[in-house]
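**Q** Here is a sequence together with a model predicted from it:
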Protein chains: 2
Amino acid sequence: MTVDLELAPKVKRPPEESCCEPLVFPDIAPDEALRTARVAKALGDPVRLQLVDVLREHAGKVCVCELVALFDLSQPTVSHHLKVLREAGIVGSDRVGLWAYYHVIPGALEELSQWLS
Amino acid sequence: MTVDLELAPKVKRPPEESCCEPLVFPDIAPDEALRTARVAKALGDPVRLQLVDVLREHAGKVCVCELVALFDLSQPTVSHHLKVLREAGIVGSDRVGLWAYYHVIPGALEELSQWLS
DNA sequence: GTCATACATCCATATTTATCTATCTAAGCG
DNA sequence: CGCTTAGATAGATAAATATGGATGTATGAC
C-alpha cells in the first residue's frame, strides 16, 4: 500500500485542443480517498466480508473459535483475515479469559458508505 | 480470486461446551458476498476510487487522456486500473473516434452500498 | 498511401497477498 | 509445577497485483 496518491500537480494540464471537459478533478479529497480505499480493500475478500457481516449482528458475542468454524479455512488464516480487518480499523477485539471477542468498530464503515451514496 | 467461498458445511459444529453464541452464520448469501467483495476489492485502491469519483460526476464527458493527466502514473497503468474497474462491472466505456469515454454503470455500486447500510 | 494520436495489450519485475504448518503466548485447570 | 486450550505470530510458498516500457490497433489528418 503506497501512501503516495500519485496525484499529479493540479496546474499541469495538457495544452492540446480539448477532446473533453478540461480541468476535471476528483471531488474526494486525497486523504479521504486513501482512507476509504483502505476500508474497501479490507472488505474486498468474501471471507472478510462475511466475517464483518457476522460481527455486525453478533458483536462481542462470538469468539474466534466460532468464526473459524464458519469457514473451511485454518485457524491461522482466519486470524490473518481478522488482523487485516483490525489494521484497516474496521474491527476491534476484547480478550475474556482464553477467548477473544471481535466487534465492528462503530462508524468504521461510515466514510465508505457515505461516499457510495 | 477464488470462486470457492470456503464456507464450511452448516452441520459441522464444534461439540465443545459453549464459549459463545452457537450456530452463528453470515446473514449475507455466499454469492452475494462474492459479488459485493469483488466490487469492494476493485474500489480498494485510491487511484481507482478517485477514477470512479471523477466518472460519477463527469460520466461520458471525460476521455482517458484526461484521466491519465490526473495522476502521476503512466498511461498503461491508468488503462490497467480502468480495466480492473471494467472487469468488476463498475464502469463501461464508449469509443468516439480516437477517444474513449468511461462511465459508471448505473446500479453497479448498489449492492455494496446496500450491504453497508 | 504515410504519419501522428489515443488507447489497449503484452511482457517483465517488484511487491503484496492468501494460505498453510509450526511455533509461541497467555490463561485456566489439575 | 505441568498440561491443555484459544488465539496470535513466524516462516515458507504460490498466486495475484501494480507498475512501466515496448508494442499493437484503430482512427483521423494529410
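**A** Yep, that arrived. In this text, all values refer to a predicted model and were calculated from it rather than measured experimentally.

**Q** Chain A: strands as residue ranges?
**A** For chain A, the strands defined by DSSP state E occupy A:91-96, A:99-104.

**Q** Reformat those strands into TSV and put mean pLDDT and distance to residue A:68 next to each item.
**A** To be clear about C-beta, it is placed using only N, CA and C from the backbone, and glycine gets the same treatment. As requested, the strands of chain A are exported to TSV (pLDDT from 0 to 100; distance: least, C-beta to C-beta, whole Å):
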stretch	mean pLDDT	distance to residue A:68
strand A:91-96	95	14
strand A:99-104	96	11
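
**Q** will you turn the ones you listed into JSON lines that also has mean neighbour count and distance to chain B?
**A** As requested, those are exported to JSON lines (neighbours: other C-beta atoms under 10 Å in any protein chain shown; distance: least, C-beta to the nearest C-beta, whole Å):
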{"stretch": "strand A:91-96", "mean neighbour count": "14", "distance to chain B": "9"}
{"stretch": "strand A:99-104", "mean neighbour count": "18", "distance to chain B": "5"}
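
**Q** okay if I get those strands as JSON lines plus distance to residue B:101?
**A** Shown next, in JSON lines, are those (distance: least, C-beta to C-beta, whole Å):
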{"stretch": "strand A:91-96", "distance to residue B:101": "40"}
{"stretch": "strand A:99-104", "distance to residue B:101": "39"}
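
**Q** pull the CA atoms of stretch A:56-75 into PDB?
**A** These are the backbone C-alpha positions of stretch A:56-75, laid out as PDB (Å, rounded to 0.1, in the frame of the first residue of the first chain):
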ATOM      1  CA  ARG A  56     -22.400  -6.800  12.800                       C
ATOM      2  CA  GLU A  57     -25.200  -9.000  14.200                       C
ATOM      3  CA  HIS A  58     -23.300 -10.700  17.000                       C
ATOM      4  CA  ALA A  59     -20.900  -8.100  18.100                       C
ATOM      5  CA  GLY A  60     -19.000  -9.200  21.300                       C
ATOM      6  CA  LYS A  61     -20.800 -12.400  21.500                       C
ATOM      7  CA  VAL A  62     -18.900 -14.600  19.100                       C
ATOM      8  CA  CYS A  63     -15.500 -16.000  19.900                       C
ATOM      9  CA  VAL A  64     -12.900 -16.700  17.300                       C
ATOM     10  CA  CYS A  65     -13.300 -20.400  17.500                       C
ATOM     11  CA  GLU A  66     -16.900 -19.900  16.300                       C
ATOM     12  CA  LEU A  67     -15.700 -17.800  13.400                       C
ATOM     13  CA  VAL A  68     -13.200 -20.400  12.400                       C
ATOM     14  CA  ALA A  69     -15.900 -23.000  12.300                       C
ATOM     15  CA  LEU A  70     -17.800 -20.900   9.700                       C
ATOM     16  CA  PHE A  71     -15.200 -21.400   7.000                       C
ATOM     17  CA  ASP A  72     -13.200 -24.200   5.600                       C
ATOM     18  CA  LEU A  73     -10.100 -22.400   6.500                       C
ATOM     19  CA  SER A  74      -7.400 -23.000   9.100                       C
ATOM     20  CA  GLN A  75      -7.400 -21.000  12.300                       C
END
